[in-house]
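**Student:** Provide a 3D model corresponding to the input given below.
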Amino acid sequence: MKLNIYNTADEVLLALAEHFVKIANDAIAANGKFSVALSGGSSPKKLYELLAESYADQVNWEKVYFFFGDERNVPQDHKDSNYLMAKNALFAPLYISPENIFPVDTSLPPSEAAQKYEEEIETFFDEGELSFDLILLGLGDNSHTASLFPFTPVLHDRTPGVKEVFLEDQQVFRITLNAPLINEAQHIAFLVYGEGKAIAVHHVLEDDEDIEDFPAQLIDPIVGEIQWFLDTGAAAMLKHK
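**Tutor:** Numbers count the residues shown, from 1 in each chain. Predicted coordinates:
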């Protein structure tokens, strides 16, 4: 694991954009394609806008294949849709072909949507290991990542897959890659900034293991690399930097 700590959020975003571009170009050079699972939320939106605005000519986007680490159980044109956010911030500005984009089919019941998405991922990797070149992750105030929320059954999955998650407090479903699937990735990058995330960052990185309370502790790649991109605010409570 590598910690990358910067003074400002803008510096964090710039560093992660450079990291994204390097991994993309290395994967395309080696395998002819780059597979990435995107994160939702306001912080990733700024990253996607930066990639579209400043790195449009630095990646062969025709060879990039986009998946989603998780999705809310809402229509694809809903304001809370991770797909819609990525479409507006990244796909549309870069004229990404629909054939390169793999959204979750939220028109299906959640369990069916999860099963179909798992099948699509398996088809994409053509019976090989389900190993994305890069998975982007965020971190919630409650130490969740993707839609791996505290005290949900998905935290105990042992085989790679996609699952529906019901959030009791919100009475809503989400669909998520589970931790075993995320941990198959070649590269994992957490994007976290702001003082409001400092406690969660400390819990995940320095507290004793407690996956029920701090689900992001589950993210521990098997053979790949994990890097955290933080600002000084988010890293403020870390003892070991």
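**Student:** list the helices and strands the lengthiest helix in the chain packs on?
**Tutor:** The longest helix of the chain (DSSP state H) is helix 9-31. Counting contacts by 3 or more C-beta pairs under 8 Å, 6 or more residues apart in numbering; DSSP states H and E, helix 9-31 packs against strand 2-6, strand 34-38, helix 42-54, strand 134-137, strand 187-192, strand 225-231. C-beta here means a position set from N, CA and C on the backbone, and glycine is covered the same way.
**Student:** Excluding sequence neighbours, find me the nearest residue to Asp207.
**Tutor:** Phe214 (6.5 Å; C-beta to C-beta, 6 or more residues apart in numbering).
**Student:** Model confidence at that neighbour, what's the number?
**Tutor:** Predicted confidence (pLDDT) for Phe214: 98.
**Student:** what's the answer for the one 4 residues further on, then?
**Tutor:** Predicted confidence (pLDDT) for Leu218: 98.
**Student:** mind listing what it touches?
**Tutor:** Leu148, Leu155, Ala179, Asn183, Ile211 (C-beta atoms under 8 Å, 6 or more residues apart in numbering).
**Student:** By neighbour count, which of those wins?
**Tutor:** Leu148 (29 neighbours; other C-beta atoms under 10 Å).
**Student:** That one and Asp157 touch, don't they?
**Tutor:** No. In this structure, Leu148 is not within contact of Asp157 by C-beta atoms under 8 Å, at 9.3 Å.
**Student:** Could you tell me which residues touch both of the two?
**Tutor:** Asn178, Ala179.
**Student:** close enough to count as contact, Glu129 and Asn183?
**Tutor:** No. Using C-beta under 8 Å as the test, Glu129 is too far from Asn183 to be in contact (11.4 Å).
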